[in-house]
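J.: Model the following, please.
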Amino acid sequence: MLLKALIATLVVSSSALALTATANAAPAPVHGLLTAQHVECAPTVSEWTVLSAKDRLTNQRADIRVGSWNRYNELKLVTEGKNTIERVVITFANGKQQRAYPYDKLDTRNPSLTIPLQGGERQIKDIQVFGVGGQHSSFEILAA
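T.: The predicted structure follows:
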């Protein structure tokens, strides 16, 4: 009988020590779940980010590779000089494409063109711009 009481006392005291040790320990982060201490999500961008600068239309086209994991809602083409933008093809990370046919003449009076991306925030793989560039003209692509 004394042996049973001794074993019961040891079990209760070791359980109490284990409970106080876990109560004082910091919780371990759980990846993939939202917790108060650790949030894991894809980065988003709220300001204009330069994806490509000082590009020129050579042979009536420019191919721009975008190496970013960020997600964007819209693109903006800003020109220096005279450029006529006939078509823009945007390829997303999942392989789908969006085509825009603005046929806009960009110059000092109309220096930019904005293209909203279909489907909300999208990750961009590459951009192709087709058109005619004036002598000494260039453009840059921004994203937000």
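
J.: Relative to the helix or strand hosting residue 85, what are the paired strands and their orientations?
T.: For residue 85, the host element (DSSP states H and E) is strand 83-92. If you go by DSSP bridges, strand 83-92 pairs up with strand 97-100 (antiparallel), strand 104-106 (antiparallel), strand 124-133 (antiparallel).

J.: CA atoms of that strand as CSV?
T.: Extracted in CSV, the C-alpha atoms of strand 83-92 (Å, rounded to 0.1, in the frame of the first residue of the first chain):
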residue,chain,number,x,y,z
ASN,A,83,6.7,56.3,-78.5
THR,A,84,3.6,54.8,-80.1
ILE,A,85,2.5,51.8,-78.1
GLU,A,86,0.5,49.5,-80.2
ARG,A,87,0.2,46.3,-78.1
VAL,A,88,1.3,45.1,-74.7
VAL,A,89,1.4,41.4,-73.8
ILE,A,90,1.7,40.5,-70.1
THR,A,91,2.6,36.9,-69.2
PHE,A,92,1.7,35.9,-65.6
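
J.: before we move on, back to that, mean pLDDT lowest for which of the strands paired with strand 83-92?
T.: Note on the strands paired with strand 83-92: lowest mean pLDDT is at strand 104-106, with a mean of 88.

J.: returning to that earlier point: just the buried positions in the strand holding residue 85, please.
T.: When burial is assessed from 16 or more other Cβ atoms under 10 Å, strand 83-92 yields the following buried residues: 83-86, 88, 90-92. Quick note: C-beta positions are derived from backbone N, CA and C, even for glycine.

J.: Fine by me, thanks again.
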